[in-house]
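In: quick one: sequence plus predicted model below, questions after.
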Amino acid sequence: MLELKDISFKRGALNIGPINFSLNHSEIVTICGKNGSGKTSTLLAINREIRPESGEILIDNKSLKTLNTSEISRYTGYVQQELPEPLGLNVRDIMEINGFTRKYDYQDLYNSMKMCGVENFINRDYSSLSGGEKRMIMIAAVIYQNPEYIILDEPSSFLDIDKINLLVKILKNLKNAGKGILLVLHDINLAYNISDSIILMKEGEILSYGSKDVAINIKNLEIAYDAKFDRYMSPEGLRFYPTEFGQIH
Amino acid sequence: MASTLALLASFIISLDIGPVKIPVSDVIKSVLEQFGFYSNVKLSDYIIVTQLREPETVGAAAVGASLGVGGAVIQSIFRNPISEPYITGVSSGATLGAVVAIVFGLTIFGILTLPLLAFIFAVIVVALVYTISIRNGRAPPLVLLLSGIAISLFVSSFVALLLYSRPKYINSLFFWLLGSLSGISWSDDSIVVPLVIFTSIALFFMYRQLNALQLGDVYARSAGINVEKSKLISMGLTTVSVAACVSISGLIGFVGLIFPHVSRMIYGGSNKYVIPSSAILGATFLIIANDIAHMIIIGEVIPVGIITGIIGVPFFMILMTRISKRGYYNA
């Protein structure tokens, strides 16, 4: 289990925390909230890019502080929202970087790419790919890394509808394979559809956290996004949509 | 393979160039005899080839290789295609060391005083740049880059101050700044060549860490790479190698900037290929540039830094235009 216990820190002018939540194996937890609410900063704290001023992060009951970089990479793998721009690396080079702490296994590398529908790009120049293709390569690379917990910041950005459907399938497969998945998503309906638990953040604090029906309701969404919301039942399930923006709370 | 053959050919041709005409066959025989293969080459030719020409050519190869490898490493660490090994303060530090030796007429280490001081000052300045860039135990590439530029300017101001107060030394320093390989001896090579070989091999074995750094510190750390240790070791090795080279050759520009790009165009972007290829291409280029420096004015050797600049800048402009239009793979 990945646990955040009373984590708090400052990011620019924003005080973030206290943050408490946990991620189990075979579970998808998604963080939602407005831009600047502290979603990505929370992921960065888990990835040791931000040092919390207080609180503790535990992975399988071990403090993150006691683990070295190589050990942590076997527990967590992180895909940033920004796509990197390397100097002429091809796709295979990138996949191999994520295999740094594991034994090279071509079949596994190929399967990870196939799962993301990018197996034909293995010898391609990464910079020649489209944004969506690059995103899928990044996801394939972290799958090849094979950590216990996979952390994805806005994985649906740059993806078209087809690829978003594929992403949902990949996430469900990973969950079924026992992986814990922590996501940051802007699309609340996507989050609602795929998550076991949702964390709704506002101005650095957790506004609501729990199973998707506990965390996401009209009232919480209106507070989190400063907008009026409504909902309807679609063939895919319940959908929320904003009807009016502005300071309503 | 082709570039290795080009390096060998340029090496032999380089040994053939000079005021005394020696047939290529005798050049090859001299080199073979040096390695214990008996040949009946004339003693005077043997001495000219192995004692006068070869040390300079070997020095050119070492300096070119070191700058090529250094460029590949620094561009990976900074994720910046226009960076080169001098950007970390090596050049300004070495220049300050050289100026101190020249202006104060220091002879504490005999003829090695200038190169030794240049080396020591170069290492100190890079260490200073690295130390002041550390934030919460980490040295972010952007802070390193800006610190390198700022400290280089700071150190250069002291160079200017020293020369302003003692203008009669401006000429001596001017020639050092232009970069020259003439006068490199076997004793210089005996220190620099093993250093360049050792550091280049060590950096080659760090190719995966250097590839990862190209994707950013956050990415590399998440993939399990000890980013700070990798940066410190690779920058340290590069600094020692480049500082040693600069101390015997002065400042030779463009090699460290261009050849990593050429290597990426030929072999792709992985440092597994870029590091060895930049070494071979950098060495070949500097041997040829040094030959040209010997041939332009008969009986005189113009500083090789002038040649690398004259050839390097147009070449770099063409290269950059092609890469920016089509990327490395189709350039």
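Out: Received the coordinates, thanks.

In: tell me the contacts of the most centrally placed residue in chain B?
Out: By C-alpha atoms, centre = their mean, chain B has its centre lying nearest to B:Leu67, at 2.8 Å. The neighbours of B:Leu67, taking C-beta atoms under 8 Å, 6 or more residues apart in numbering or on different chains as the test, are B:Glu84, B:Pro85, B:Val242, B:Cys245, B:Ile252, B:Val255, B:Gly256, B:Phe259, B:Gly282, B:Leu286. (Each C-beta comes from the backbone N, C-alpha and C, glycine too.)

In: let's see 10 Å
Out: B:84-86, B:196, B:238, B:241-242, B:245-246, B:249, B:252-260, B:278-279, B:282-283, B:285-286, B:308 (C-beta atoms under 10 Å, 6 or more residues apart in numbering or on different chains).

In: which secondary structure element is home to it?
Out: Using DSSP states H and E, B:Leu67 sits in helix B:54-78.

In: how many neighbours does residue 122 have?
Out: You didn't say which chain, so I picked chain A. 16 (other C-beta atoms under 10 Å in any protein chain shown).

In: think we crossed wires, I meant chain B
Out: With other C-beta under 10 Å as criterion, B:Ala122 counts 31.

In: got it, and A:Arg92?
Out: 18.

In: what about the helices in chain A?
Out: Taking DSSP state H, the helices of chain A run over residues A:39-46, A:69-75, A:91-98, A:106-115, A:131-145, A:161-176, A:188-194, A:212-215, A:218-225.

In: between these, which one is closest to A:Ser234.
Out: With distances scored as C-beta to C-beta, the stretch of the helices of chain A nearest to A:Ser234 is helix A:188-194 (8.8 Å).

In: name the residues of that closest one that are buried.
Out: A:Ile188, A:Asn189, A:Leu190, A:Ala191, A:Tyr192, A:Ile194 (16 or more other C-beta atoms under 10 Å in any protein chain shown).

In: nearest to A:Leu159, of those?
Out: Among these, and counting by C-beta to C-beta, the member closest to A:Leu159 is A:Leu190, at 10.5 Å.

In: now do the helix or strand of chain A at the bottom of the mean pLDDT ranking and helix A:218-225, the angle between them.
Out: For chain A, using mean pLDDT, DSSP states H and E, the weakest element among its helices and strands is strand A:237-245, scoring a mean of 83. Strand A:237-245 and helix A:218-225 meet at an angle of 50 degrees, taking axes from the mean of the first three to the mean of the last three C-alpha atoms, to 10 degrees as the criterion.

In: which element follows whatever helix or strand B:Val274 lives in toward the C-terminus?
Out: Per DSSP H and E: B:Val274 is located in helix B:271-295. Proceeding N to C from helix B:271-295, the next assigned helix or strand is helix B:304-330, under DSSP H and E.

In: check contacts around A:Asp60.
Out: With C-beta under 10 Å, 6+ apart, A:Asp60 has these contacts: A:Met1, A:Leu2, A:Glu3, A:His25, A:Leu67, A:Tyr75, A:Glu148, A:Tyr149.

In: which residues are in contact with the last one?
Out: Right, the one you point to is A:Tyr149. Per C-beta under 10 Å, 6+ apart, neighbours of A:Tyr149: A:1-2, A:23-25, A:27, A:29, A:46, A:59-60, A:75-78, A:179-182.

In: list the buried residues for stretch B:298-310?
Out: B:Val301, B:Ile302, B:Pro303, B:Val304, B:Gly305, B:Ile306, B:Ile307, B:Thr308, B:Gly309.

In: residues contacting that stretch, please?
Out: By C-beta under 10 Å, 6+ apart, stretch B:298-310 touches B:19, B:56, B:60, B:63-64, B:67, B:174-183, B:249-255, B:258, B:285-296, B:312, B:315.

In: please repeat the previous calculation with a cut-off of 6 Å.
Out: Stretch B:298-310 has contacts (C-beta atoms under 6 Å, 6 or more residues apart in numbering or on different chains) with B:178-182, B:252-254, B:289-290, B:292-294, B:296.

In: can you pull the buried residues of stretch A:92-109?
Out: In stretch A:92-109, counting by 16+ other C-beta under 10 Å, buried: A:Arg92, A:Asp93, A:Ile94, A:Met95, A:Glu96, A:Ile97, A:Asn98, A:Gly99, A:Phe100, A:Thr101, A:Asp108, A:Leu109.

In: as CSV, those residues with pLDDT and distance to B:Ile266 would be great.
Out: Shown next, in CSV, are these (pLDDT from 0 to 100; distance: C-beta to C-beta, whole Å):
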residue, pLDDT, distance to B:Ile266
A:Arg92, 95, 17
A:Asp93, 94, 15
A:Ile94, 95, 20
A:Met95, 95, 22
A:Glu96, 94, 20
A:Ile97, 94, 22
A:Asn98, 93, 26
A:Gly99, 90, 25
A:Phe100, 91, 26
A:Thr101, 88, 31
A:Asp108, 94, 30
A:Leu109, 95, 25
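
In: ok, and of those residues, which contact chain B?
Out: Counting by C-beta under 6 Å from any C-beta of the partner chain, the subset of the buried residues of stretch A:92-109 that neighbours chain B consists of A:Asp93, A:Ile97, A:Asn98, A:Phe100, A:Thr101.

In: since that was my last question, I'll sign off now.
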